[in-house]
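Colleague: Okay, here's the prediction I keep looking at, along with the sequence it came from:
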Amino acid sequence: MAKLVSLAVLLTVLFVALAVPVLAKDKDTDDSIDLEADSIIVDPNLQTFYVDKQLQAEAGKPTEFIRLGYALNLGTENLEFKTVLHKKAKVKSVVIGATFEERPTIEADGWDGIIPDGVEYTKTEKGIVKIKKHQVTVAAPANEIRYFEIHYLMPAPKFTYTTTINTASDYKGKYTESTSYDIHTFNVLSAASVPNVPGDWDYGVDVVDATGAKQGLRHYQVDRDGDGKIDEIGWLTPKLSEVGGEVGGKPVEIPPTKVANYNFQLVRADNAYVPAGWVLRQTLDLEVEDVLPWEVSPYATVWPYSPFSDEGYDDNSSLNVRQVNFYPIFAVPVNFTTSLDLSFKYKPQFSGCDWQAGIEIMFPEGPYFSDTTHMFVLQEDGSITSDEFVVSSTPDVNGWYGISIAKVFTLLDGPRVARLFFPAAAGCQQGMEFWVDNVLLNADTL
């Protein structure tokens with residue numbers, strides 16, 4: 001049954017194919033996504049264009065692609081455009097509409113957007129679309145244009161992992177990854193279950209490609225049961241078809257500290273878990289009672305969009321805050337008495353609006369209840385303003401800014417807890433965003 005959708009293709013994507021000139025039929029046995037074989041011209045009045053986008057790939061799960069394009073019929077007779085996918089592809093659905101809203105892309109020559117009036121089809125609909133396993137035919141009425149999104153799956157990347165050393169002073173594991181088709185798959189999320197290795201060790205992940213070149217990868221670590229041991233180490237493998245590598249860990253001395261320092265080493269574009277030290281809430285109503293323990297609150301692990309960017313400061317990953325309808329993100333509260341000093345790296349990727357964020361002051365008795373909220377405003381030019389904080393912004397490298405925020409609270413009648421938050425509903429257009437890294441929140445240090 002067809003259903004009305006408005007499907008934004010604004011996830012982490014990869015352009016795999018570009019323009020396809022005046023086409024009508026593809027070969028019946030295409031063996032790649034780069035469909036240069038589309039060359040049988042039925043009617044010169046039929047003009048077409050499409051790009052293929054890879055969504056987030058994950059080892060062990062089918063990889064979703066989207067073929068986004070249009071068929072423009074300049075003639076007076078109804079025509080059809082047939083496009084053939086890779087022979088191992090399986091079509092999930094096709095979205096077809098007559099209007100298109102273009103959206104900005106990271107690539108200078110990229111093309112992306114949504115089909116506001118798009119209708120999704122999962123099976124053939126006479127006179128509109130024909131759907132086969134790896135082949136789609138889109139009807140192009142006379143003197144009209146049809147935009148289409150073909151959602152299809154490719155076989156899951158294969159992943160193996162073996163622990164090779166597990167002692168009191170050393171941990172190592174080896175992995176291999178591959179795909180069963182001849183298309184490069186990029187940024188594959190890979191996760192290894194590890195045997196409860198120490199959580200305070202220094203871990204690293206390497207990849208070795210077919211040429212023997214070794215590359216260090218940014219990674220994340222997860223302690224699922226809260227026992228201080230690492231249960232999972234994950235990373236993004238830059239490119240398959242076939243690679244291997246090693247995971248290693250050694251003890252590291254971590255000095256004691258009273259500050260909350262969040263340097264986003266994690267890189268996981270569709271992470272089901274928020275980064276350590278952060279939680280989400282699906283409302284900005286500060287009177288809502290928070291459920292404890294904090295880390296297992298019912299809204300603590302729901303991401304409506306990709307939470308990380310690989311455009312981090314100092315080659316780390318960064319936290320991505322994007323304009324959506326709800327889902328503000330909060331840092332876990334810190335105790336304080338009279339003063340706060342906050343600093344972080346900030347890179348704006350929005351325009352025509354500003355972004356209000358703040359620090360929420362709460363009574364320390366759990367469940368936490370809000371006392372007061374103090375706001376600051378992040379601007380599109382990298383500056384910051386506030387009526388309540390002493391603030392500054394200093395230009396840094398590669399479009400980043402160093403933000404500093406300080407305040408002495410003189411009217412408090414006792415200890416409080418404070419949490420930094422970034423709202424996701426800022427009055428900007430849908431999809432606008434900014435990046436945050438190296439967040440350092442000091443309590444009572446002024």
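Modeller: Sure, I can see it.

Colleague: which strands and helices sit next to the longest strand anywhere in the chain?
Modeller: For the chain, the strand with the greatest residue count under DSSP state E is strand 185-198. Here strand 185-198 touches strand 57-58, strand 158-166, strand 171-178, strand 229-240, strand 242-251, going by 3 or more CB pairs under 8 Å, 6 or more residues apart in numbering; DSSP states H and E. To be clear about C-beta, it is placed using only N, CA and C from the backbone, and glycine gets the same treatment.

Colleague: Any buried residues in the longest one, and which?
Modeller: By 16 or more other CB atoms under 10 Å, the buried positions in strand 229-240 come out as I230, D231, I233, G234, W235, L236, T237, L240.

Colleague: so the fifth one makes contact with G216?
Modeller: No. Applying CB atoms under 8 Å, one finds W235 not in contact with G216, separated by 9.8 Å.

Colleague: Give the residues shared as contacts by these two.
Modeller: Both W235 and G216 are contacted by V205, under the criterion CB atoms under 8 Å, 6 or more residues apart in numbering.

Colleague: Next, N398: secondary structure please.
Modeller: Following DSSP: H, G, I helix; E, B strand; the rest coil, N398 is assigned to helix.

Colleague: So the chain: which segments form each domain?
Modeller: 3-154, 158-251, 260-443 (automatic domain parsing).

Colleague: would you turn these into CSV with mean pLDDT?
Modeller: Shown next, in CSV, are the domains of the chain (pLDDT from 0 to 100):
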stretch, mean pLDDT
domain 3-154, 77
domain 158-251, 83
domain 260-443, 70
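
Colleague: okay but L342 is in contact with R419, surely?
Modeller: No. Applying CB under 8 Å, one finds L342 not in contact with R419, separated by 11.0 Å.

Colleague: Common neighbours of these two, please.
Modeller: I359.

Colleague: Each with direction, which strands does the helix or strand containing V391 pair with?
Modeller: In this structure, V391 sits in strand 390-395 according to DSSP states H and E. If you go by DSSP bridges, strand 390-395 pairs up with strand 401-408 (antiparallel).

Colleague: separation between G244 and V397?
Modeller: Going from G244 to V397 by CB to CB, to the nearest Å gives 34 Å.

Colleague: okay, those two: which has more neighbours?
Modeller: Neighbour count, other CB atoms under 10 Å: between G244 and V397, G244 has more, with 16 against 8.

Colleague: Show residues contacting the strand holding V391.
Modeller: With CB under 8 Å, 6+ apart as the test, strand 390-395 has contacts from 346, 376, 382-385, 401-407.

Colleague: Closest one to Q323 out of these, please.
Modeller: Y346 (15.6 Å; CB to CB).

Colleague: element containing the closest one, please.
Modeller: strand 339-349.

Colleague: In stretch 118-128, which residues are buried?
Modeller: For stretch 118-128, burial by neighbour count (16+ other CB under 10 Å) applies to G118, V119, E120, Y121, E125, I128.

Colleague: farthest-separated two in those residues?
Modeller: Taking CB to CB, no two of the buried residues of stretch 118-128 sit farther apart than G118 and E125, at 13.3 Å.

Colleague: picking up where we left off before, list the buried ones in the longest strand of the chain?
Modeller: By neighbour count on 16+ other CB under 10 Å, the buried set for strand 185-198 is T185, F186, N187, V188, L189, S190, A191, A192, V194, V197, P198.
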